[in-house]
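# The following comprises the amino acid sequence and a computationally predicted model.
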Amino acid sequence: MSLINVRTATADDAPALLQIYAYYVKNTAVSYEYEVPSLAEFRNRVETTLKDYPYLVAEVDGKIAGYIYASRLGVRKAYDWAAETSVYISEEYHRMGIGRILYERMEAYLRRQNVTNVYAGAADPTVDDDPYLSRNSEHFHEAMGYRVVARYNACGNKFGRWYNLIKMEKVIAEHACPPKPFIPFAVLEKQEEGGVSG
């Protein structure tokens, strides 16, 4: 059985992460991007994310097989306790439970950051036999405890086809009032390295 290791991403992981992401941009409607971002742009995305949110990679026998990251649900201050996640698994490592492992680790970090609500956006095909998109993402998130809370109909167009977008939600912590302050990921890591509980 292969050893799966999860760790925090670094900017130096960008080439391997971009290789995974490029497949989804070029061949699927999972990502609504049309063009694969440059390595410099992708590296910047990783570095920017890590200031406030976890960016995690899963390695199988030392090779990066997938990644997950979180971001703010909205820009206003009141969104501090709500995060959105994105996950991508290399085609050769599907059906190994990597997505579940990454999500469990991500949610554990987000709880320590005092996030209460987690959201996932999933592209949704308008026909059952779409060659560029299945409903696997929706089914995966349902299995992880997420539920559909919104559907945007025919809001994205890629490969000459219209696609829906669904938003899925999972509450991962109690809604205390007042809530504990949001802890940026970079601060959380420093606290935990110093032996201070987040």
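Right, received. Where do you want to start?
# Check the residue nearest in space to the middle of the chain and give its pLDDT.
The structure's the chain has its C-alpha centroid closest to Ser86; by CA atoms, centre = their mean the separation is 2.0 Å. Looking at Ser86, its pLDDT is 97.
# So it sits against Leu56, correct?
No - the pair Ser86 and Leu56 fails to qualify as a contact (CB atoms under 8 Å) at a distance of 11.3 Å. For the C-beta atoms, the positions are set from N, CA and C on the backbone; glycine is no exception.
# Overlap in contacts, these two.
Residues touching both Ser86 and Leu56 (CB atoms under 8 Å, 6 or more residues apart in numbering): 68-69.
# The residue nearest to Met106 when sequence neighbours are not counted: neighbour count?
For Met106, ignoring the flanking residues on the chain, the nearest one in space by CB to CB, 6 or more residues apart in numbering is Ile68 at 5.2 Å. Here the neighbour count serves as a burial measure; for Ile68 (other CB atoms under 10 Å) it reads 23.
# Would it be right to say that Ile68 lies in a strand?
Yes - according to DSSP: H, G, I helix; E, B strand; the rest coil, Ile68 belongs to a strand.
# which residues sit in contact with it?
For Ile68, the set of contacting residues under the criterion of CB under 8 Å, 6+ apart consists of 54-56, 85-88, 99, 102-103, 105-106.
# rerun that using 10 Å as the cut-off
Each residue near Ile68 by CB atoms under 10 Å, 6 or more residues apart in numbering is listed here: 6, 9, 54-58, 85-89, 98-99, 101-103, 105-106.
# Could you tell me the per-residue confidence at it?
Confidence at Ile68, expressed as pLDDT, is 98.
# what's the neighbour count on Glu104?
For Glu104, the tally of surrounding residues (other CB under 10 Å) stands at 11.
# Relative to Pro179, how far out is the residue nearest to Met106?
Using CB to CB, to the nearest Å, one obtains 24 Å as the distance from Ile68 to Pro179.
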